[in-house]
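A.B. asks: test case, fold it:
(chains A, B and C)
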Amino acid sequence: MSERQGVEMQNAECKMQKEILHSASPDVAGPFLHFAFCICFSAAGAEMTAIEPTHEDHHAPHPFLQHHFEDLGQQHEASTLGMWMFLATEILFFGGVLCAYFVYRGMYHDAWKAGSHHQNWMIGTGNTAVLIGSSLTMALAVWAAQLGRRKLTVIMLTLTLILGSVFLGVKMYEYSEHIHEGLFPGKHFTFVEHNNPALTPGVQLYMTFYFALTGLHALHMVIGAGLLIWMIWRAWAGHFGPEYYGPVEVMGLYWHFVDIVWIFLFPLLYLV
Amino acid sequence: MNDHHGHAPTHHVTPLPVYFAIFFALMILTGITVWISRVDLGVMNFPVAMAVAIVKATLVILFFMHLIHSTRLTWVVVLGSFLWLGVLFVLIFSDYLTRAWVMY
Amino acid sequence: MTPSTLHDVRFIEPEKTRNYLNEDYGVFSWLLTKDHKRIGILYLLSVTLLFFVGGFFAFMLRLELLTPEGDLLTSDTYNKFFTLHGIVMIFFFLIPAIPAALGNFILPLMLGAKDLAFPKINLLSWYIYMTGAIFGIYVIVTGGVDTGWTFYTPFSTQYSNTHVFATTLGAFITGFSSILTGLNFIVTIHRMRAPGLTWFRLPLFVWSMYATSLVMLLATPVLAITLFLLMLERTLGVGIFDPALGGDPVLYQHLFWFYSHPAVYIMILPAMAVISECVAAFTRKKIFGYKFVAFASLAIAFLGFLVWAHHMFVAGISVYSAMIFSFLTMLVAVPSAIKVFNWTATMYRASVSWQTPMLYVMGFIGLFTIGGVTGLFLGAMGVDVHVHDSYFVVAHFHYIMVGGTVMGYLAGIHYWWPKITGRMYPEWWARLSALLIFVGFNLTFFPQFLVGYVGMPRRYHAYAPEFQVLNVLSTAGATVLAAGYILPMFYLFWSLWYGRKAGSNPWGAVGLEWATSSPPPKENFHVTPVVTWDAYDYPAFLKAMRETQNV
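C.D. replies: Have a look, this model is predicted:
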């Protein structure tokens, strides 16, 4: 007997008990008693009928259905909601440092303008395009996974990874340029704003926010790249299909969020 | 449980042209951001740049992240988190913007 | 063998069935468990340990303050001790105490779920918490930190030569554990409720936990980023918050309190959650105004985000902004008062049974009211300027955190102890300890209101001789309080082996957690329950019980 049949039997038993109770004393069988019976008899029933579901069973659970979920739909809903909730904390996380950015941008507006001139806006624009491109390939990967197209999923995820790596590589190049010019804040900050030396402390503050914001963003990219590698492996192994593609979807949510952060950072840091 | 209880996930599959259209819109908006920054609009430069960024973010959230086909709860989560961010910004700036005002 | 009531679902004999405790054995079955109940126990043990670490520092502070001279601790040591007391108690005890320990255990049971939505993340959150705690312990062992638990800049970034970095890193890491707990709870409440368990059938515990989780989720990241900037400033020597380098220290305070004021609600909302459960169980009544209490939790969580700058009235913020914050602070009192009134109204004309959890509930209601009302004094700008940084403030927040949260925590531990362990605690000893805690608490902290109001500042190891009488009273009270806290350690452990067998529902309470065996089986319920009744439906329950007895 399958587990499901067992459960149905227990439910039937519960119903029966409820009826018996009703006939004995009509008012007694409050919901609690019903529930108590369900618990008791199903406990006994579960022990008798707890047989491992066999593979012939049409309702054999999906291999990636975790034991504490009722079905894949519930599992999918839970994981996407979890990721959205996580992204809510991320919004506040970046929001906190952006708030500080805006406060100082208001205080040191000229220094902010001077600082942003040390960014190469053309590189920034190119990198923005690369990142938006990676968002497109990520979206296409989810699309392919939804349709159960294994190879296309792997290709799109790999393209996302490549574009993400290009972005990070360019970022590293930019960092090395800044460090070379003595723009890294702190002890190694040797840069002096020649047109207006009074702006130098403000420029350093700008560079602090530049490194903090882009650094946090890059850290998120690196974590995303690690997750992508895992997803590529899972897609290759054929784990995903129309029934089960939650992990790719959740991965996509994360990746698009990191893209959105950059959409704000680009005008805030490069185009003051 | 919820209304979705007892079903395999049956989710909306966005047609491909939508993805490509959004991608091109994002690229064009990026171009607009850069172009705007080269033109002097006075105090308006910053608000316009932010407005464009907000439009871009909205496109990504609605279509790439499938918010448009998501449950109401997801909408609440998204709007709620921006509301909370708004609380942070508005109340902190209620201090910074009024500090210089003199009371006596 | 017909079970007569829900009360009597007892023929699932605890010792004959498997439960989450005897499912498997060995250290790794605990350290690698994904069972929310075991993770709850892990949290319970770790927060209790850290509670006594924090308590040790508190006791040393009180001993020092026995005499006006700074004779027991040097001023530097005293600074470190009050800092460590604050950090340990807030980040490592109060914040995780009720949600991560009791909530973890009880919440899925109340929802009729097999586990939290993300069991692995749940375990991960405990490891993250322990990592943070190890940083805390490391700091304690290697010489401490002296910034105060608030890490105000620029002292913490430019001047203090103690372990600021390791401490803030510890707090930063621990923050992620509460983010993950909150996330797990919210998703679980949305997606894992048993069939028929609609939102307005949820126990108020769940509503409060939901509100707590919202605050954890939306406030903690701001603390994380703030501490990140602080660590950056300290390591690189940049001036994000240092006025000498162009930064603004008040901005640090804004960002810090954007988390740390809502954090107060992370501490008090779970205690309110426990109180709602106990009030209903021991008065055998529906909570008066269920929906009001439920929405009051959410209102507290939201309004709690709008008031943070009342910690900064004298820090140099704009007067206009301060007026707004002062006004918003008054608003938080409304939902808090709704809760207190509704609990009291529930008890009105009920036959209350005075078991230990109910004693703690009475303690909570009284002390929380005092703490809350003095909070309004402090929220009023004029009064705050007068008593800011005095012992009045210290007394106020201890009435909330110790009188509120710790009372709620102890009420919860006693109330669910039979469910967690399958054994009853010894009632007489438990009542004695509740009494000691109530008396000791008031003796410790009420004098601090008085001594603060007449001008004794906080955070000094020496004070003017005219304050001595009140300080001696306070230290005497702390001794009684300490005895009250140590006592449960003994009788609760004793009860693990010698306590009376509890049965599945020793209080005759309504709620899904009481409808499974004690201790519960690993999967919580043998079959997913179907809920057809409202929360706290004691009238129907009692009616059914009476009539079955007549039959």
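A.B. asks: how is the chain carved up into domains?
C.D. replies: Went with chain A since none was named. A:3-49, A:72-270 (automatic domain parsing).
A.B. asks: let me rephrase: I mean chain B.
C.D. replies: Chain B breaks down into these domains under automatic domain parsing: B:1-68, B:71-104.
A.B. asks: ok so, going back, make CSV out of the domains of chain A and add distance to chain B.
C.D. replies: (C-beta placed from N, C-alpha, C; glycine too.) Shown next, in CSV, are the domains of chain A (distance: least, CB to the nearest CB, whole Å):
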stretch, distance to chain B
domain A:3-49, 12
domain A:72-270, 4
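A.B. asks: tell me the most buried of the ones you listed?
C.D. replies: domain A:72-270 (a mean of 20; mean count of other CB atoms under 10 Å in any protein chain shown).
A.B. asks: who's in contact with the residue nearest to C:Y538 when sequence neighbours are not counted?
C.D. replies: Leaving aside its sequence neighbours, C:Y538 sits nearest to C:R284 (CB to CB, 6 or more residues apart in numbering or on different chains; 4.8 Å). Applying CB atoms under 8 Å, 6 or more residues apart in numbering or on different chains to C:R284 gives the contacts C:350-351, C:353, C:508, C:538, C:542.
A.B. asks: which residues of the chain score low on pLDDT?
C.D. replies: Just so you know, I chose chain A. For chain A, applying pLDDT under 70 flags the ranges A:1-60.
A.B. asks: um, chain C though
C.D. replies: Scanning chain C with the threshold set as pLDDT under 70 gives C:1-16, C:550-551.
A.B. asks: quick one: name the residues of it near chain B.
C.D. replies: By CB under 8 Å from any CB of the partner chain, the residues of chain C that approach chain B are C:190-195, C:218, C:222, C:250-251, C:254-255, C:258, C:305-306, C:308-309, C:317-321, C:324-325.
A.B. asks: narrow those to just the buried residues.
C.D. replies: C:190-195, C:218, C:222, C:250-251, C:254-255, C:258, C:305-306, C:308-309, C:317-318, C:321, C:324-325 (16 or more other CB atoms under 10 Å in any protein chain shown).
A.B. asks: can you tell me which of those residues are in helices?
C.D. replies: C:190-191, C:218, C:222, C:250-251, C:254-255, C:258, C:321, C:324-325 (DSSP state H).
A.B. asks: tabulate those (TSV), appending distance to A:M172.
C.D. replies: Converted to TSV, these look like this (distance: CB to CB, whole Å):
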residue	distance to A:M172
C:H190	41
C:R191	41
C:L218	33
C:V222	29
C:V250	36
C:L251	30
C:H254	34
C:L255	29
C:F258	33
C:S321	42
C:I324	45
C:F325	44
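A.B. asks: quick one: which of the residues you listed is nearest C:W199?
C.D. replies: C:H190 (9.7 Å; CB to CB).
A.B. asks: backbone phi and psi for residue 143, please?
C.D. replies: Since you didn't name a chain, this refers to chain A. The phi/psi pair for A:W143 (degrees, to the nearest 10) reads phi -60, psi -50.
A.B. asks: correction: the question concerned chain C.
C.D. replies: phi 130, psi 0.
A.B. asks: which residues touch it?
C.D. replies: Counting by CB under 8 Å, 6+ apart, C:G143 touches C:80, C:162-163.
A.B. asks: for the closest residue to B:L59 other than its chain neighbours, pull up the helix or strand it's in.
C.D. replies: Leaving aside its sequence neighbours, B:L59 sits nearest to B:I22 (CB to CB, 6+ apart; 5.4 Å). Using DSSP states H and E, B:I22 sits in helix B:16-38.
A.B. asks: average pLDDT across that helix?
C.D. replies: What helix B:16-38 shows for mean pLDDT is 95.
A.B. asks: can you name the residues in contact with it?
C.D. replies: A:121, A:125, A:128-129, A:132-133, A:135-136, A:139-140, A:143, A:266-267, A:271, B:45, B:48-49, B:52-53, B:55-56, B:59-60, B:63-64.
A.B. asks: around chain A, which positions in the stretch 401-550 of chain C sit nearby?
C.D. replies: So the stretch 401-550 of chain C meets chain A at C:510, C:515-516, C:523, C:525-533, C:537, C:540-541, C:543-544, C:547-548 (CB under 8 Å from any CB).
A.B. asks: re the thing from before, the domains of chain A: which one's closest to C:Y415?
C.D. replies: C:Y415 lies closest to domain A:3-49 among those, at 19.6 Å (CB to CB).
A.B. asks: what packs against the helix or strand hosting A:T153?
C.D. replies: Per DSSP H and E: A:T153 is located in helix A:150-180. Secondary-structure packing of helix A:150-180 (3 or more CB pairs under 8 Å, 6 or more residues apart in numbering or on different chains; DSSP states H and E): helix A:121-146, helix A:200-236, helix A:246-265.
A.B. asks: may I see those helices organised as JSON lines, with distance to C:L72 added?
C.D. replies: Formatted as JSON lines, the helices and strands packed on helix A:150-180 follow (distance: least, CB to CB, whole Å):
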{"stretch": "helix A:121-146", "distance to C:L72": "60"}
{"stretch": "helix A:200-236", "distance to C:L72": "43"}
{"stretch": "helix A:246-265", "distance to C:L72": "51"}
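A.B. asks: picking up where we left off before, output the domains of chain A in a markdown table; the columns should cover distance to C:L378.
C.D. replies: Formatted as a markdown table, the domains of chain A follow (distance: least, CB to CB, whole Å):
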| stretch | distance to C:L378 |
| --- | --- |
| domain A:3-49 | 46 |
| domain A:72-270 | 25 |
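A.B. asks: and those: which comes nearest B:P15?
C.D. replies: B:P15 lies closest to domain A:72-270 among the domains of chain A, at 9.0 Å (CB to CB).
A.B. asks: what stretches of chain B score poorly on pLDDT?
C.D. replies: Scanning chain B for pLDDT under 70 picks out the ranges B:1-10, B:103-104.
A.B. asks: A:L205 reaches A:A114, doesn't it?
C.D. replies: No: counting by CB atoms under 8 Å, A:L205 sits too far from A:A114 to count as a contact (11.4 Å).
A.B. asks: picking that back up, now the helix holding B:I22 - C-alpha only, CSV.
C.D. replies: Taking Å, rounded to 0.1, in the frame of the first residue of the first chain, the C-alpha atoms of helix B:16-38 are listed here in CSV:
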residue,chain,number,x,y,z
LEU,B,16,11.3,35.7,-26.1
PRO,B,17,10.6,39.0,-27.9
VAL,B,18,9.7,40.6,-24.5
TYR,B,19,13.2,39.8,-23.2
PHE,B,20,14.9,41.2,-26.2
ALA,B,21,12.7,44.3,-26.2
ILE,B,22,13.6,45.0,-22.6
PHE,B,23,17.2,44.5,-23.3
PHE,B,24,17.2,47.1,-26.1
ALA,B,25,15.2,49.5,-23.9
LEU,B,26,17.8,49.2,-21.2
MET,B,27,20.6,49.8,-23.6
ILE,B,28,18.9,52.9,-25.0
LEU,B,29,18.2,54.2,-21.5
THR,B,30,21.9,53.7,-20.6
GLY,B,31,22.8,55.8,-23.7
ILE,B,32,20.3,58.5,-22.5
THR,B,33,21.9,58.5,-19.1
VAL,B,34,25.3,59.1,-20.6
TRP,B,35,24.1,61.7,-23.0
ILE,B,36,22.2,63.6,-20.3
SER,B,37,25.4,63.7,-18.1
ARG,B,38,27.2,65.5,-21.0
